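Asks: Coordinates for the following, if possible.
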Amino acid sequence: MTSKTFSAACIAAAFLSPAALAAPQFSFDAAQAPQSGDLVLYVGADGTLSPTASAIDATTGNRITQTMAVAGFEGGFGETLSLVAVGAHDHVTLIGIGDEALTPRKLQDLGGHAAMSADDSDGLSLIIDGLAAGGGDAAAYIATGYALGDYAFTKYKSDHEASDPDTVRLIGGASAAAKYENDLAYLVEGVELSRNFGSEPGNALWPEVFVDTVREAFRGVPNVRISVLDARDIRREGMGALMGVGQGSIHDPRLLVVRYTGAADSDAAPIALVGKGVTFDTGGISIKPNNGMWLMKSDLSGAAAVAGAVLAAAKRGEDVNVVGLMPLAENMPSQDAIRPGDVLTSMSGKTVEIMSTDAEGRLMLLDAVHYAQEKFDPRMILNIATLTGSAARAMGDDYGAVITRDISLSLEMMEVGKAAGEDVWPLPLHPSHFEQIKSDIADIKNTGGSPGASIGAAVVGTFIAEDLPWVHLDIAGVDWLDSRTPTTPKGHAGWGVRFMDELLRRESE
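Replies: Modelled structure (predicted):
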């Protein structure tokens with residue numbers, strides 16, 4: 001074992017240590033008023049309290065309802081009011097549930113609001129017996145939102161100490177334990193794996209480390225096969241585009257393939273999820289300006305999301321066949337790096353003229369989607385990537401951009417995103433976009449014309465059969481957040497895991 005290999009294996013193990021994956025633990029209990037500890041009470045839009053919350057209020061001489069009245073607390077969705085020294089409880093937080101139907105997405109947000117409001121609380125109990133409108137599994141979705149909102153990447157803090165995860169009690173949610181423990185907890189695990197990938201610095205994460213980490217994450221999971229193409233394999237398959245992106249780095253590129261066969265018919269055509277995994281993007285010879293380049297450690301967000309989504313589906317035993325393909329490379333300038341004006345030959349045989357080495361993600365994806373079609377004959381391809389600044393400027397941090405050949409498929413993806421809590425909005429794909437990427441000396445060029453997000457999609461789409469359902473997600477504006485939301489921390493969002501998880505649930509047999 002070389003020192004480089006040993007280093008990658010050790011770093012991968014650290015990703016999955018208990019300290020690195022310290023999500024809170026949950027206890028799903030019958031409705032009974034806690035005698036101590038911090039509390040979160042969910043309050044209806046008309047100020048009504050659940051039976052358990054009312055019993056707690058009575059023990060305090062109705063201080064809770066009196067304070068609500070004085071403060072003008074109306075119970076609007078997500079409205080928060082914090083009280084201290086309420087009877088035997090140091091902190092009591094009131095969170096409004098509004099008057100609209102409590103969908104799983106809204107329930108997750110309510111759990112996230114609790115995590116935001118109850119940071120560092122000891123012995124926390126969430127009183128949720130009044131949320132029956134959310135269904136018997138309401139507590140499971142609240143726990144999911146709490147876990148997602150509670151995430152923090154503190155690995156490199158000098159004062160960080162590994163500790164046992166906190167236990168949060170959900171009072172009135174006893175019936176939801178199985179839903180969380182056998183299903184949604186794996187979704188949380190997938191999102192946290194993705195966030196860890198996107199938060200790691202480039203000097204700790206390169207293609208080999210990504211591969212080893214994913215291997216460890218899937219160890220022992222049934223019906224999963226993992227294969228890895230190294231640089232020699234990539235060359236042998238003729239993937240000149242993927243190889244071209246990674247050849248300027250001392251860390252060789254990889255193509256990581258995770259196949260999960262969970263459908264009753266293991267030979268049924270899978271859904272192919274393809275995620276861009278640039279472990280650090282300098283722009284290559286077309287080097288980026290320094291301002292903001294540090295954030296390019298998260299240019300692997302597409303691959304990270306694919307890894308997390310397939311992990312969640314496989315661990316819960318979803319009835320679906322899915323193959324996750326993650327082309328991995330580090331885009332660096334060096335004497336071996338590709339140059340603007342170079343021509344690369346892809347696995348399909350089509351040639352690509354390089355107009356910018358900073359338009360590298362589409363190069364990796366085009367070889368990966370062709371490989372997916374050649375080897376797995378999928379019934380659908382979804383590719384996901386932090387691909388263009390154009391998508392970020394168009395969508396901000398509210399929507400991921402979705403591009404398809406069929407607007408009805410885009411509308412379907414909007415429904416998937418709405419349910420998952422990761423919204424998308426369509427951008428166009430016009431025949432002119434394919435005209436704009438025609439090259440004078442090769443089959444196509446890797447950028448040209450405008451708008452940029454659609455041009456990037458056209459490059460990838462050139463390598464996908466026209467009769468194959470295809471979804472292109474550009475998540476450049478949503479993968480990293482500058483401020484916290486109920487279910488997403490400041491920093492890497494792990495965006496796409498929940499979206500693809502919802503898609504796989506809908507596509508299960």
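
Asks: what pairs with Gly400 across the strands?
Replies: Going by DSSP bridges, Gly400 is paired in beta bridges with Val424.

Asks: any chance you could map the strands in the stretch 201-350 of the chain?
Replies: 224-229, 254-261, 271-275, 277-281, 321-331, 343-345 (DSSP state E, counting those that start in this stretch).

Asks: then the third one to PDB, C-alphas only?
Replies: Only the C-alpha atoms of strand 271-275 are listed here, as PDB (Å, rounded to 0.1, in the frame of the first residue of the first chain):
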ATOM      1  CA  ILE A 271     -32.900   5.100 -13.400                       C
ATOM      2  CA  ALA A 272     -29.400   6.600 -13.900                       C
ATOM      3  CA  LEU A 273     -28.400   9.500 -11.600                       C
ATOM      4  CA  VAL A 274     -25.200  11.200 -12.900                       C
ATOM      5  CA  GLY A 275     -23.500  13.800 -10.700                       C
END
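
Asks: Give me the contact list for that strand.
Replies: Contacts with strand 271-275, where a contact means C-beta atoms under 8 Å, 6 or more residues apart in numbering, come from 301-307, 309-310, 320-327, 365, 368-369, 372-373, 376, 378-385, 496, 500, 503-504, 507. Bear in mind the C-beta positions are built from the backbone N, C-alpha and C, glycine included.

Asks: and what of the shortest one?
Replies: The set of residues that contact strand 343-345 without belonging to it, under C-beta under 8 Å, 6+ apart, is 238, 240-241, 244, 338, 351-354, 363, 441-442.

Asks: average pLDDT for that strand?
Replies: Confidence over strand 343-345, taken as the mean pLDDT, stands at 98.

Asks: Please apply the same query to the third one.
Replies: Along strand 271-275, the predicted local confidence has a mean pLDDT of 98.

Asks: Give the partner strands of that strand in its sheet and their orientations.
Replies: On the basis of DSSP bridges, the sheet neighbours of strand 271-275 come out as strand 321-331 (parallel), strand 380-385 (parallel).

Asks: roughly how far out does the first one sit from the chain middle?
Replies: Taking C-alpha atoms, centre = their mean, to the nearest Å, one finds the center of strand 321-331 at 14 Å from the center of the full chain.

Asks: Compute the inter-axis angle for that strand and strand 224-229.
Replies: 30 degrees (axes from the mean of the first three to the mean of the last three C-alpha atoms, to 10 degrees).

Asks: How about the shortest one?
Replies: Between strand 380-385 and strand 224-229, the angle comes out at 60 degrees (the same axes, to 10 degrees).

Asks: Can you name the next helix or strand after strand 380-385?
Replies: The first helix or strand that comes after strand 380-385 along the chain, using DSSP states H and E, is helix 389-395.

Asks: which stretch among the strands paired with strand 271-275 comes nearest Gly87?
Replies: strand 380-385 (49.1 Å; C-beta to C-beta).

Asks: Alpha carbons only: can I get the closest one in CSV?
Replies: What follows is the C-alpha trace of strand 380-385 in CSV, where atoms were taken according to Å, rounded to 0.1, in the frame of the first residue of the first chain:
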residue,chain,number,x,y,z
MET,A,380,-34.3,7.7,-17.5
ILE,A,381,-31.3,9.8,-16.9
LEU,A,382,-31.0,12.7,-14.4
ASN,A,383,-27.8,14.6,-14.3
ILE,A,384,-27.0,17.1,-11.6
ALA,A,385,-24.2,19.6,-11.3
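
Asks: which of the residues in it are buried?
Replies: Along strand 380-385, these residues count as buried under the neighbour rule (16 or more other C-beta atoms under 10 Å): 380-385.

Asks: With stretch 385-401 instead?
Replies: Judged by neighbour count using 16+ other C-beta under 10 Å, the buried positions of stretch 385-401 are 385-388, 390-392, 394-395, 397, 399-401.

Asks: any weak-confidence spans in this structure?
Replies: For the chain, applying pLDDT under 70 flags the ranges 1-22, 119-122, 132-135, 162-164.

Asks: again, only using 50
Replies: Confidence mapping of the chain against pLDDT under 50 gives the ranges 1-3, 18-19, 133.

Asks: domain parsing for it?
Replies: Residue ranges for each domain of the chain read 3-171, 185-507, as given by automatic domain parsing.

Asks: Same list, these, but as CSV with distance to Ala177 please.
Replies: As requested, those are arranged in CSV below (distance: least, C-beta to C-beta, whole Å):
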stretch, distance to Ala177
domain 3-171, 4
domain 185-507, 10
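
Asks: just to revisit the earlier point, to Arg105, which of the strands of the stretch 201-350 of the chain lies closest?
Replies: Nearest to Arg105, of all those, is strand 271-275, at 21.4 Å by C-beta to C-beta.

Asks: related to what we said a few turns ago, out of the strands paired with strand 271-275, nearest to Gln25?
Replies: Within those, the stretch nearest Gln25 is strand 321-331; the backing value is 28.1 Å (C-beta to C-beta).

Asks: Glu374 belongs to a helix?
Replies: Yes: residue assignment for Glu374, taken from DSSP: H, G, I helix; E, B strand; the rest coil, places it within a helix.

Asks: Contacts only, for the residue nearest to it when sequence neighbours are not counted.
Replies: With sequence-adjacent residues excluded and distances taken as C-beta to C-beta, 6 or more residues apart in numbering, Glu374 is closest to Met347, at 7.6 Å. For Met347, the contact set (C-beta under 8 Å, 6+ apart) comprises 237-241, 367, 370-371, 374.

Asks: Sounds good, over and out.
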